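*Asks:* Got a predicted model here, sequence first, then my questions.
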Amino acid sequence: MIEAKGIYKSFGNVDVIKGIDLHIDKGEIVTIVGASGAGKSTLLQIIGTLEKADKGEVFINNQNVNTLGQRRLAAFRNKNIGFVFQFHHLLPEFTALENICIPAFIAGESKSNALSKANQLLEYLNLTERANHKPSMLSGGEQQRVAVARALINNPAVILADEPSGNLDSQNAKELHELFFKLREQTGQTFVIVTHNPTLAAMADRTLTIKDGKIESNI
């Protein structure tokens, strides 16, 4: 599902990623761990096509994303990759339902289809009663579940999550982690998760440990 070959990335004079190769199978849940500044988030952004590597190639679903121009790359990302961040990045002026619909609208879905999918996701995530609430009226756990629904609406093959439970209390973090595994069982989606949470890391199929821009272990 995901393959990266010879990935290097620098910012100014700082070498952040120093020759990473990785392979992630369809339906795997893989966590990426390591100290702050090790290159975890940068690697995730390169895999997710948000950041371009200085050197190396990334394949998603057998597509070499390096060969895509900006417009095709944006369309590919919208269709194939869902993102969940530590800060949910919900648009404050829109309701939960409207926030979830945004990627579907970008993909060209009709309003009726987008609303139908969004309402199904709200029901699945036990958020139906919160559909018309704006983010300021939602708890932290509810906001993050809305962000997960937004990531899922285009049925992407890959979900990339960067410290998704970093701002949640232990109970909400546990529920979010369990949700990822439930989704994998029901949809077969692939999850790559950057985390400092040892419980989540231990639950994953594999854990990649990054140290000084390189993969130190792959267990």
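*Replies:* Structure's in. What do you need?
*Asks:* May I ask which helix or strand encompasses the most centrally placed residue in the chain?
*Replies:* The centroid of the chain falls nearest to residue 160 when counting by Cα atoms, centre = their mean (2.1 Å). Residue 160 is located in strand 158-162, with elements delineated by DSSP states H and E.
*Asks:* got the contact list for that strand?
*Replies:* For strand 158-162, the surrounding residues in contact (Cβ atoms under 8 Å, 6 or more residues apart in numbering) are 1-2, 41, 44, 47-48, 60, 80-86, 151-152, 180, 183, 189-195. C-betas here are computed from N, CA, C, even on glycine.
*Asks:* now the helix or strand following it against strand 158-162, angle please.
*Replies:* Moving toward the C-terminus from strand 158-162, the next helix or strand (DSSP H and E) is helix 170-187. Orientation of helix 170-187 against strand 158-162 (axes from the mean of the first three to the mean of the last three Cα atoms, to 10 degrees) gives an angle of 170 degrees.
*Asks:* tell me what helix 170-187 is packed against?
*Replies:* Contacting helix 170-187 under the criterion 3 or more Cβ pairs under 8 Å, 6 or more residues apart in numbering; DSSP states H and E are the following elements: strand 29-33, helix 140-152, strand 158-162, strand 190-194, helix 198-203.
*Asks:* re the thing from before, how near is the residue nearest to the centre of the chain to residue 51?
*Replies:* From residue 160 over to residue 51 the distance is 12 Å, taken as Cβ to Cβ, to the nearest Å.
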